[in-house]
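Undergrad: Show me the folded form of this:
(one chain, ligands or ions: 1)
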Amino acid sequence: MSSTWTLPDDLTVPEPVEFFPAAGEKLPQHWSKCFGCGDDQPAGMAMSFRAGNGLEVTGRLEVAKKYQGGPGVIHGGILSTAFDEAQGMACMALGSPVVTGHLEIDFARPIPLGSVLEFRARIDGVVRRKVYTSAEAVIVEGPTADPDTVVGTSRGLFLTITSEHFAKTKEFVDGEPTSPFGTSSV
Ligand SMILES: CCCCCCCC/C=C\CCCCCCCC(=O)SCCNC(=O)CCNC(=O)[C@H](O)C(C)(C)COP(=O)(O)OP(=O)(O)OC[C@H]1O[C@@H](n2cnc3c(N)ncnc32)[C@H](O)[C@@H]1OP(=O)(O)O
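TA: Predicted coordinates:
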């Protein structure tokens, strides 16, 4: 791995908000039209998430045949999207919407089509509006499944935002969302 990623000295580690689900419970979608997790997005990746301990979440992705990059393996952009989603969902523990500012991925092992990936993502700490996150992925089902072998890692900086952030792009939403703005923040 080659990276300039470093955690700042003034990092603080927040407590999850009180309405964040308990460990093992499902997380709500942040936005039903989301390509990563929305159930109102037929073309999407349909990722699902559960709360972990503290500031960690776990996510699940079934690697469909349409996600192919090289012969028989996942496209790197799909894996990057899944990390983006997983680390964004970890930020739900703050109770504030976020967007990705910076994301960097290491692709450690080939991931065959038909695998089921588990993502373990967490908030490492915050500085003002900056949320530092990291994650790993393992294959939990499929021909090369091994929950102890990390197949990809990621580090990402997310920024907390207000609902104003999406005011200018609201008119471009495709169709009527099943979960409206206001209840679904990003
Ligand atoms: C239990 C129920 C809970 C319910 C509530 C929870 C709701 C759900 C919560 C969460 C789920 C989310 C799941 C999402 C998953 C998918 C996410 C995506 O894919 S998002 C799409 C891609 N990203 C964009 O489209 C952003 C585009 N970029 C921007 O809009 C801006 O650049 C933005 C907002 C990122 C920053 O702009 P500025 O004007 O607001 O802020 P400035 O002043 O520039 O920066 C603030 C600080 O951040 C640093 N910064 C900003 N960008 C940086 C970067 N790229 N690298 C390093 N530092 C950066 C700056 O240096 C500054 O640092 P200094 O405070 O001064 O120390």
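
Undergrad: what residues does the chain put near the ligand?
TA: Within the chain, the residues that sit near the ligand (C-beta under 6 Å from any ligand atom) are 19-20, 28, 30, 84-85, 88-89, 91-92, 95, 97-102, 128-130, 157, 159, 161, 185-186. Glycine gets a C-beta too; all of them are placed from N, C-alpha and C.

Undergrad: Go ahead and build a PyMOL selection from the buried members of those residues.
TA: Restricted to the buried members of the residues of the chain next to the ligand, where burial is judged by 16 or more other C-beta atoms under 10 Å, the PyMOL selection command reads as follows:
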select buried, resi 20+30+84+85+88+89+91+92+97+98+100+130+157+159+185+186
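
Undergrad: Among the residues of the chain next to the ligand, which ones are in strands?
TA: Members of those lying in strands (criterion: DSSP state E): 98-102, 130, 157, 159.

Undergrad: and these as TSV, adding distance to Arg109 and pLDDT?
TA: Putting those into TSV (distance: C-beta to C-beta, whole Å; pLDDT from 0 to 100) gives the following:
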residue	distance to Arg109	pLDDT
Val98	29	96
Val99	29	97
Thr100	24	98
Gly101	27	98
His102	24	97
Lys130	30	98
Leu157	25	98
Leu159	31	98
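
Undergrad: and of those residues, the nearest to Asp9?
TA: For Asp9, the closest of these turns out to be Lys130, at 13.1 Å, with distances computed as C-beta to C-beta.

Undergrad: Distance check, the closest one against Leu11.
TA: Taking C-beta to C-beta, to the nearest Å as the measure, Lys130 falls 9 Å from Leu11.

Undergrad: tell me the pLDDT at the spatially most central residue of the chain?
TA: Centre of the chain computed as the mean C-alpha position; nearest residue by C-alpha atoms, centre = their mean is Ala86, 1.7 Å away. We note a pLDDT of 98 for Ala86 in this prediction.

Undergrad: swap in the one 5 residues further on?
TA: We note a pLDDT of 97 for Cys91 in this prediction.

Undergrad: repeat for Thr178
TA: Confidence per residue is given as pLDDT, and for Thr178 that number is 67.
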